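kindly generate the corresponding structure for this input.
(4 chains)
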Amino acid sequence: MKHVRIIFTLTFTVLLTMVAVFQINEMTAGTIYGNQLKKLQEGLLKVAPTSYDGVLEELTGDYDLSEIDLERVYADQDKDKVVVYQAYAYGFNSAQPISYLIGIDLETNTVSGFLILENYDSDGYGQNASNPLFMNQFTGMELGPVLNGEIDGVAGATATTGGIKASLNEVIAFHNTNFGGGPVGPTDQEIREAMMEDIFPNATAFDKVTTNPANDAIINMYNVMNGTTQIGYLYEATGSGASVAGGLDMIYYVGINMDKEYTGFRMYDSQDTPGYKDFYLADSYGDSYNGVALGEEDTIAGATAGSATGAAILASVNEVMAYHVVDILGEMLDRPDPVENLNVVNAFDQVAASYVSIYADQAYDASILNVYELKDATDTVIGYIYYGKSAGYGGAIEFAIGIDTTNNTHSLIILKENESWEDAKEYASYTGDELFPDTTWLLNWQNDTVQNILDAEIDGVTGASTTTGNRERNDGLIFAIESVLKYHQTNTGGGE
Amino acid sequence: MQVVIILAVALSLILAVILSFASSVLEVEEDPRLQDIIDMLPNANCGACGNPGCKGMAEAILREDAKLSQCKPGDQDMREAIAEYLAETPNESGEFTKTKM
Amino acid sequence: MARRQKSIKEVFSAGLFKQNPTFVQFLGMCPTLAVTKSVESALGMGAGVIFVLVMSNLIISLIRNFVPKEVRIPIYIVIIASLVTILEMFMKAYTPELASSLGTFLSLIVVNCLILGRAEAFASKNNPIRSVVDGFGMALGFTGGITIIAIFRELFGAGSLLGYSIIPEQYQVGILVQAAGAFLVFGILVSQVNRIRMNKEERSEVA
Amino acid sequence: MEYIAIAFGAIFVNNVVLNQFYGLCPFLGVSTKKSSALSMGMAVTFVITLSTMISYLIYHNVLLKYTMTLNTEFGEITYNLSFLSTIVFILVIASFVQLVEMFIKKFSAPLYSALGVYLPLITTNCAVLGVAIDTTVNSERIGVEGFWQVTIYALGISLGYAVVIFIFSAIREEMMAYPIKKNWQGIPIALITAFIMAMVFYGFGGMV
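Sure thing, here's the model as predicted:
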């Protein structure tokens, strides 16, 4: 009896309440649905252009939205006035995405409105994205990747702003593919042209030189014209940055005017380390080239962080400059005076009767500062000393290497450096404990034939790869010394 | 509507049958005063007294392990009522439990 | 029991002051902390609790003599849950903004220990009129408690009251409207309420 | 990996007590002793995980299965039984908990005193119903879907509860040794401690 009463009471209560709840549900379900409908409709019209007061149709089913954070798509009947997207952005509270509407006026291809429907991010931080000040700024913006960098972020909510930007990019890309696009922000070509114009604001035309310049660093060369007068030369060139292995990792434009001065520099692309490369991508760095005379590149200041990148840029610019002076202008480079650094003589085991610079008679090489011919008292050539340079971690490294007439290298000595070579001790593959100028690694290059050394393909030191160089990306000392050795083989005739 | 009724009946029947039979099958001997004290407590099961619920509090009172004032929702009347009850009612072996106000 | 029954007035005022659910009984602390970001949602939650508590006290007191002891709690819960569901539907239909700002906490009125606590402690032992008065007093005390917390949090945290800006941004304490700030404000307020109560007790002892 | 991210987020970032304010009454009440906090944590973990699984299955296999149509001024709308979620969930959870408690009480006295006595408190612990509702009705808000993701989320959430209540009780036990002004004793100082813990847990937000 007790059980029956328990079961009956419980069942009866549940039944009664369920019926009551059900009745009230029937009373309110319509209104609740109407509210949702109204909220969405109001939102849709809020983001549609003010001139539009028609009905928006849902087109979500027409598209495959599985790959993007796009929830719904609406447009007017003829699909030529307005499109509204409902999309998700992942903010700080990544578990609960922000849901928003963005309207696009198809006649002007601008944003007609932006409205956040749901936002669960923290109060005082990401929640501020729902502030009208943030939402209203979108109205009137031209379409483009992240709306052309015009968005002011939400203070204290980098993640929220970032999430919204990333989501907007997806929506805009979707819009461009499905609704014809229109202005999509600057194209690659436009960005490049803008850079060229920055360097030569007075130019009326950039005439591309069709014959490829015979130089590894130079990709393209333009004669810069103002009307029919040539006002300068523009080089599109490439070089190796400080920290990217393999391939072309930076592309830049540099201009030279008819007075042998630089007119500007613009980095178009660099795969170098973010944070280090930023300084060099900025216009302020490019503008610091303005008015610098050719050969005075050392006066262009690099950044403290990323000095190796700066050195690599300058090395590449130097190469372009040398090509320009020697091959285009047909002039001689200002090369250093003979034996300006007396210590270079130590690179050769014998003391010679005369040291004569023969570099001016030979081809230019970016790694070489000077070449000396050594003769004994009988005026017989006994060897050569190459005075070279390379980009190091702490700035330019200057070195000298002696090579005799039998193509044997003598000493490799470091004349100038500012390296923190002892850092390399922490790395397994280096066991020496000397400071840089006396490093055992340098012995690799000494007292062997040029050909043997080149064949040996000496590797850089891990942990000091900016200094010693990385074989894959052709930089540092390896590259500079090997350039010298190859130069010796082809120019000084020692190779035959 | 029919679905709701069927669902409600089915669900509550299942639960009611399980619960009512379980309550007799799984019954455990307890101090008879326990249930009386539970009935006198506010039964908010808020845990504010530091004991696991009002039942836990009642057990603690019988163990002389809790002060009546630990019960935050309880008022003066409740404290007096429990003290009075414990002063009058011994356990099965005739021992009285001291109350801590 | 020979105990004197409280007068209706005492029943009503108990919830407001002496037995205040927020500051004395510490019941229903989840909404106390969660929905006190703004005065508006605190008042909304308060209104919801008033509706549910008054109704549940009334219904439970009406059926108190028919309910078998063994299934007392499941039955009370079912009644309370239905009332909450009904409240939820009405709020979604007629005050949708408020419903979305209260979120899951609207449904969680079901497990607010205040509701079940009053059902067990009062409504199951008293007649309908007294139960309704008790429910109203308690719910009003709860509303008052959370509104006070919300006033502090909204005023100093967001610089506004009921949406009207009062304090300029540079003087706001942003942490107060965040989750952590709720603990801080509530903790400080409870300590001050305690101080007042202790002073009162001392005085009455001296007298 | 996805599961690890969900669990980590649930335990630390969206911590059920410090960030979502679920289950505060027992959090402040049953945290004066480490031993009882540990028991409470285990009981909550057990109940939340299982009741979320049960609620998920009921929601998807029963409540969403039956649809009805209704004529309104906005035309015919179709709806399902999800409006009954709150009632059904709380009823099922309460019965389930009561049943488990009776079982434990009957068959294992040590387990009952360590775990079982804490079970009735669960009925008024809004974390249980809160997580059940969040993972079903509001599942798009928390970004989990599918039975296993929901289970991992529930497990993470409840472990987050256990971790926090245990740390909290350890601090409170330690605080017993120090003199605290009378009006700050108990709940007020516990709330201030919770405030500091919540601030500390904000740090985890940066990790996802």
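
the residue in chain D that chain C sits nearest to: helix or strand, and which one exactly?
Scanning chain D for proximity to chain C using CB to the nearest CB identifies D:Leu191 as nearest, at 3.1 Å. Backbone N, C-alpha and C define where each C-beta goes, glycine included. In this structure, D:Leu191 is located in helix D:187-205 according to DSSP states H and E.

please write out the alpha-carbon positions of that helix in PDB.
Coordinates of each C-alpha in helix D:187-205 appear next as PDB, following Å, rounded to 0.1, in the frame of the first residue of the first chain:
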ATOM      1  CA  ILE D 187      32.400  33.200   5.100                       C
ATOM      2  CA  PRO D 188      33.900  36.700   4.600                       C
ATOM      3  CA  ILE D 189      37.500  35.700   4.700                       C
ATOM      4  CA  ALA D 190      36.700  32.600   2.600                       C
ATOM      5  CA  LEU D 191      35.200  34.800   0.000                       C
ATOM      6  CA  ILE D 192      38.300  37.000  -0.100                       C
ATOM      7  CA  THR D 193      40.400  33.800  -0.500                       C
ATOM      8  CA  ALA D 194      38.200  32.800  -3.300                       C
ATOM      9  CA  PHE D 195      38.700  36.200  -4.900                       C
ATOM     10  CA  ILE D 196      42.400  35.800  -4.800                       C
ATOM     11  CA  MET D 197      42.200  32.200  -6.200                       C
ATOM     12  CA  ALA D 198      39.900  33.500  -9.000                       C
ATOM     13  CA  MET D 199      42.500  36.100  -9.900                       C
ATOM     14  CA  VAL D 200      45.200  33.400 -10.000                       C
ATOM     15  CA  PHE D 201      43.000  31.200 -12.200                       C
ATOM     16  CA  TYR D 202      42.700  34.100 -14.700                       C
ATOM     17  CA  GLY D 203      46.300  33.400 -15.500                       C
ATOM     18  CA  PHE D 204      45.200  30.100 -17.200                       C
ATOM     19  CA  GLY D 205      43.100  32.100 -19.600                       C
END
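
packing partners for it?
The helices and strands touching helix D:187-205, judged by 3 or more CB pairs under 8 Å, 6 or more residues apart in numbering or on different chains; DSSP states H and E, are helix C:179-206, helix D:24-29, helix D:147-175.

ok, the longest one near chain B or not?
The reference is to helix D:147-175. No: applying CB under 8 Å from any CB of the partner chain, one finds helix D:147-175 out of contact with chain B, separated by at least 9.9 Å.

ok, the residue most central in space within chain C - contacts?
Most central in chain C under CA atoms, centre = their mean is C:Phe142, positioned 2.8 Å from the mean C-alpha point. C:Phe142 makes contact with C:15, C:20-22, C:27-28, C:46, C:49, C:53, C:114, according to CB atoms under 8 Å, 6 or more residues apart in numbering or on different chains.

all strands of chain D, in order?
Applying DSSP state E to chain D gives strands spanning D:67-72, D:75-80.

equivalent analysis for chain C, please.
Taking DSSP E to define them, one finds strands in chain C at C:160-161, C:164-165.

distance from the chain centre to the first one, please.
Using CA atoms, centre = their mean, to the nearest Å, the distance from the centre of strand C:160-161 to the centre of the chain it belongs to is 22 Å.

quick one: contacts of it?
The contact list for strand C:160-161, computed with CB under 8 Å, 6+ apart, reads C:39, C:151, C:154-155, C:166-167.

separation between the residue in chain C positioned nearest to chain B and D:Asn125?
Here chain C gets closest to chain B at one residue, C:Gly117, 2.7 Å apart by CB to the nearest CB. For C:Gly117, the distance to D:Asn125 equals 14 Å [CB to CB, to the nearest Å].

go on, D:Glu101?
D:Glu101 is 14 Å from D:Asn125, where distance means CB to CB.

got it, and C:Val177?
From C:Val177 to D:Asn125 the distance is 26 Å (CB to CB).

who's more crowded, the two?
Just comparing C:Val177 and D:Asn125: by other CB atoms under 10 Å in any protein chain shown the higher neighbour count belongs to D:Asn125, 32 against 23.

what about the residue lying closest to that one once chain neighbours are set aside, neighbour count?
Taking CB to CB, 6 or more residues apart in numbering or on different chains, and ignoring the residues beside it in sequence, D:Asn125 has D:Gly23 as its nearest neighbour in space, at 4.7 Å. The burial count assigned to D:Gly23 is 32, neighbours taken as other CB under 10 Å.

shouldn't B:Met101 be in contact with B:Ser69?
Yes: contact criterion CB atoms under 8 Å: B:Met101 and B:Ser69 qualify, at 6.2 Å.

can you check which residues contact both of these two?
Taking CB under 8 Å, 6+ apart as the criterion, B:Met101 and B:Ser69 both touch B:Arg79.

the closest residue to chain B within chain D: neighbouring residues, count only.
Shortest chain D-to-chain B distance, computed as CB to the nearest CB: residue-wise this is D:Gly29, at 3.0 Å. Around D:Gly29 there are 27 other residues, counting by other CB under 10 Å.

next up, the contacts around the residue positioned nearest the centre of chain B.
The C-alpha lying nearest the average C-alpha coordinate of chain B belongs to B:Ile38 (CA atoms, centre = their mean; 3.0 Å). When contacts are counted by CB under 8 Å, 6+ apart, B:Ile38 touches B:54-55, B:58.

tell me which helix or strand it sits in.
Per DSSP H and E: helix B:32-40 holds B:Ile38.

tell me the contacts of the closest residue to chain D within chain B?
Among the residues of chain B, B:Gly47 lies closest to chain D, at 3.0 Å counting by CB to the nearest CB. With contact taken as CB under 8 Å, 6+ apart, B:Gly47 is in contact with B:53, D:25-26, D:28-30, D:121.

out of those residues, which are close to chain C?
When the contacts of B:Gly47 are filtered against chain C using CB under 8 Å from any CB, the residues retained are D:25, D:28-29.
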